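*Asks:* Return atomic coordinates for the entry below.
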Amino acid sequence: MAKFIFVTGGVVSGLGKGITASSVALLLKAHGYKVFMQKFDPYINVDPGTMSPYQHGEVFVTADGAETDLDLGHYERFIDEELNRTSNITLGRVMKAVIEGERRGDYLGGTVQIVPHVTDEIKRKVYEAADTSGADVVITEVGGTVGDIESEAFLEALRQFRLEHKNGDTLFIHTTLLPALYGSDELKTKPTQHSVIVLRSVGIQPDMIVCRTPVYPPDEVKAKIALFCSVPASQVIASIDVKNIYEVPLVYHHQKMDEEVLDLLRLPSRGFDLSAWQKMVTTVNALSHEVRIALVGKYTHLLDAYISVTEAMRHAGFTIGAKVIVDYIDAERLEGRSDDEVAAILGSASGIIVPGGFGSRGTEGMMVACRYARQKKVPYLGICLGMQVAAIEFARTVCGLKGASSTELDPDTPHPVVCLMDEQRDVHDMGGTLRLGNYACRLVPGTHTAQAYGLPEGGVINERHRHRYELNNAYRQVLEENGLHTAGENPDLGLVEAMELTDHPHFVAVQFHPEFRSRPTRPHPLFVSFISSASKVTTQ
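*Replies:* Got it, this is the predicted structure:
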């Protein structure tokens, strides 16, 4: 029987519930336990797939094709385990399941209500995560802030969940704010006290309190929180500000949080090994050599829109001993610029990356970045849309195909170098209908891409996808004749998965999303190859 940890948050959003949940999971894994993670999101969208990145940041895609909250990216990066569609449950998905059940007659003519029908469905989702993963411990983060009307059903379900289990089977961790006011620098406990009062008002007494705070609080502050919140002082944990988020598990371990969690769950340690993580953090904190990368995208006003891409580049930097500095450049800034103006914007970058996106806005600027990287021999990595715009720019500029475009960007283009996938032509719903999750890619022997994967003789890899449009195979020959070569294709459908220039130090573009598989202790090979090439560039 699995044990269950629920992580809630109070006072304000953005305290780092996801990082706290991930850190606890990592520590339990280091003690020898199989862990699984889950996120409850209180919005009514069925999943985040149809939301703008400006709403909640990037959409993280799991191996089985679920479009999920960006926190699942943190989870996978910390625990280095593949999650699945049971890992992200929205209120909309719960409501949809309940309404579909009512239409089928599952409730025997009864009145369908929040309690018990919605709360029962929420509890089923927790059990489903435990059953499908076979985990010893399931850690569930509850999105939003305690007191929000949207999360009431989730909290009520978890209150019931605790009542239905014996002591030691469930654990509630509440994250709060412990601020220091300007002028006095005195840590104030009232926000934490009042947040716990709100949590108690829905029937949940936290077992442990994690305080986001700039410094370690003195013992008397911890004692005050313990007294007024009814938890032992040893279970009041400081989540201090750190130089990088990967230090957080070490901060918690230093305070013996993992020992307290094991004690509360009545679990023995099976041996503890966090040495690889500790080595990685030590390496990160000692980085001095800098590599500057220009990220040219559509959603650069919210950095969380590209968090997996940014972290994947940082991971690659860890491997080669470089601190990656990312300049976020709005693609529209490059449109209509002279060559000198483009050079002024991109000239300080040792590498250029164009990540995924949807719609036509900013794509002409992305093509300007592709052309600059191609002509100036600046290392380039294109991801999803970044591959498509690279192919379109090459078709226009090198192959002489005037007006070449994608049917997504220009339905009337005379040269549809990128077009709608055949299986997408009769699709009308927007949600959950993209080409999603793991698909195979057969690497072409001898290509830069194959070498990056450590498979110079070729081989088949699996990568995660999220797209509706593809490279049009009718233009594949003309692109290759002019120097843009296929480096990988799907063995079943013949779709182009990777392309590259042979007369360039590093110009690689892929249809899939390698960033979703990068880990701080196991960086993705394409990012290692890209950052390694960029580190050798002398900028103007």
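*Asks:* looking at the chain, which helix or strand does the model trust least?
*Replies:* Across the helices and strands of the chain, mean pLDDT, DSSP states H and E gives its lowest value to helix 53-56, namely a mean of 86.
*Asks:* Identify all contacting residues around it.
*Replies:* For helix 53-56, the surrounding residues in contact (Cβ atoms under 8 Å, 6 or more residues apart in numbering) are 48, 59, 69-70, 299, 301-302, 304-305. No exception for glycine: its C-beta is placed from N, CA and C like everyone else's.
*Asks:* Tell me the pLDDT of the most centrally placed residue in the chain.
*Replies:* Centre of the chain computed as the mean C-alpha position; nearest residue by Cα atoms, centre = their mean is residue 73, 2.9 Å away. Looking at residue 73, its pLDDT is 97.
*Asks:* How about the one 10 residues further on?
*Replies:* Note for residue 83: predicted pLDDT of 97.
*Asks:* Mind checking what secondary structure the residue lying farthest from the centre of the chain has?
*Replies:* Within the chain, residue 109 marks the point farthest from the mean C-alpha position, 41.8 Å out by Cα atoms, centre = their mean. Under DSSP: H, G, I helix; E, B strand; the rest coil, residue 109 falls in the coil class.
*Asks:* Could you do residue 508 as well?
*Replies:* Per three-state DSSP, residue 508 ends up strand.
*Asks:* in the sheet, who's paired with the closest residue to it other than its chain neighbours?
*Replies:* Closest residue to residue 508 apart from its sequence neighbours, by Cβ to Cβ, 6 or more residues apart in numbering: residue 500 at 4.7 Å. With DSSP bridges as the criterion, residue 500 is bridged to residue 485, residue 508.
*Asks:* In contact with residue 500, which residues?
*Replies:* For residue 500, the contacting residues are 447-449, 484-485, 487, 507-509, by Cβ under 8 Å, 6+ apart.
*Asks:* Quick one: buried ones out of the contacts of helix 53-56?
*Replies:* Listed as buried from the contacts of helix 53-56 are 48, 59, 69-70, 299, 302, 305; burial here means 16 or more other Cβ atoms under 10 Å.
*Asks:* so where's this structure uncertain?
*Replies:* 422-432, 538-540 (pLDDT under 70).
*Asks:* Let me see the domain layout of it.
*Replies:* Per the record, the chain has its domains at 3-280, 288-535, by automatic domain parsing.
*Asks:* ok so, going back, how much space between the residue nearest to the centre of the chain and residue 203?
*Replies:* Counting by Cβ to Cβ, to the nearest Å, the gap from residue 73 to residue 203 is 32 Å.
*Asks:* Also residue 192?
*Replies:* Separation of residue 192 from residue 203 (Cβ to Cβ): 19 Å.
*Asks:* ok, residue 413 - how many residues close by?
*Replies:* The tally of other residues near residue 413 (other Cβ atoms under 10 Å) stands at 18.
*Asks:* who has more neighbours, residue 192 and residue 203?
*Replies:* More neighbours surround residue 192 than the other of residue 192 and residue 203, with 29 against 13 (other Cβ under 10 Å).
*Asks:* Give me the nearest residue to that one, chain neighbours excluded.
*Replies:* Counting by Cβ to Cβ, 6+ apart, residue 176 is the residue found nearest to residue 192 once chain neighbours are left out, at 4.2 Å.
*Asks:* List the backbone torsions phi and psi for that neighbour.
*Replies:* With angles defined as degrees, to the nearest 10, residue 176 sits at phi -140, psi -180.
*Asks:* give me the beta-bridge partners of it?
*Replies:* Beta bridges link residue 176 to residue 211, judged by DSSP bridges.
*Asks:* residues near it, how many?
*Replies:* Residue 176 has 29 neighbours, counted by other Cβ under 10 Å.
*Asks:* mind starting the numbering at 56 from now?
*Replies:* Shifting the count to begin at 56 puts that one at residue 231.
*Asks:* Identify the farthest-apart pair in the contacts of helix 108-111.
*Replies:* By the measure Cβ to Cβ, 124 and 356 form the most distant pair in the contacts of helix 108-111, at 19.6 Å.
*Asks:* Quick check: residue 294 touching residue 303?
*Replies:* Yes. Look at residue 294 against residue 303 with Cβ atoms under 8 Å: they come within range, at 6.7 Å.
*Asks:* now the helices: where do they sit in the stretch 406-555 of the chain?
*Replies:* Along the stretch 406-555 of the chain, the segments classed as helices by DSSP state H, counting those that start in this stretch run 418-431, 440-452, 503-507, 531-536.
*Asks:* Likewise for the stretch 106-255 of the chain?
*Replies:* For the stretch 106-255 of the chain, helices defined by DSSP H, counting those that start in this stretch occupy the ranges 108-111, 126-134, 146-159, 174-188, 207-218, 245-256.
*Asks:* which other residues reach the longest one?
*Replies:* Pointing back at helix 174-188 there. With contacts defined as Cβ under 8 Å, 6+ apart, helix 174-188 is touched by 57, 59, 89, 91, 93, 95, 139, 141-142, 144, 149, 152-153, 156, 190, 193, 195, 208-209, 211-213, 215-216, 219.
*Asks:* 6 Å - rerun?
*Replies:* The contact list for helix 174-188 (Cβ atoms under 6 Å, 6 or more residues apart in numbering) reads 57, 91, 93, 141, 144, 149, 152-153, 193, 209, 211-212, 215-216.
*Asks:* Dump that helix to PDB, keeping only the CA atoms.
*Replies:* What follows is helix 174-188, C-alpha atoms only, in PDB (Å, rounded to 0.1, in the frame of the first residue of the first chain):
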ATOM      1  CA  THR A 174     -14.600  14.700  -4.300                       C
ATOM      2  CA  ASP A 175     -14.800  10.900  -4.900                       C
ATOM      3  CA  GLU A 176     -13.500  11.500  -8.500                       C
ATOM      4  CA  ILE A 177     -10.600  13.500  -7.100                       C
ATOM      5  CA  LYS A 178      -9.700  10.700  -4.700                       C
ATOM      6  CA  ARG A 179      -9.900   8.200  -7.500                       C
ATOM      7  CA  LYS A 180      -7.300  10.200  -9.400                       C
ATOM      8  CA  VAL A 181      -4.900   9.900  -6.400                       C
ATOM      9  CA  TYR A 182      -5.400   6.100  -6.200                       C
ATOM     10  CA  GLU A 183      -5.000   5.800 -10.000                       C
ATOM     11  CA  ALA A 184      -1.600   7.500  -9.800                       C
ATOM     12  CA  ALA A 185      -0.600   5.100  -7.100                       C
ATOM     13  CA  ASP A 186      -1.900   2.000  -8.900                       C
ATOM     14  CA  THR A 187      -0.400   2.800 -12.300                       C
ATOM     15  CA  SER A 188       3.000   3.800 -11.000                       C
END
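*Asks:* That helix relative to helix 146-159, how many degrees between them?
*Replies:* Here the directions of helix 174-188 and helix 146-159 differ by 110 degrees (axes from the mean of the first three to the mean of the last three Cα atoms, to 10 degrees).
*Asks:* Could you pull out the buried residues of helix 174-188?
*Replies:* 174, 176-178, 180-181, 184-185, 188.
*Asks:* Any chance of a markdown table for the residues you listed, columns distance to residue 314?
*Replies:* Below are the buried residues of helix 174-188 laid out as a markdown table (distance: Cβ to Cβ, whole Å):
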| residue | distance to residue 314 |
| --- | --- |
| 174 | 33 |
| 176 | 35 |
| 177 | 30 |
| 178 | 29 |
| 180 | 30 |
| 181 | 25 |
| 184 | 25 |
| 185 | 24 |
| 188 | 24 |
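*Asks:* which of those residues sit farthest apart?
*Replies:* Maximum pairwise distance among the buried residues of helix 174-188 (Cβ to Cβ): 22.0 Å, between 174 and 188.
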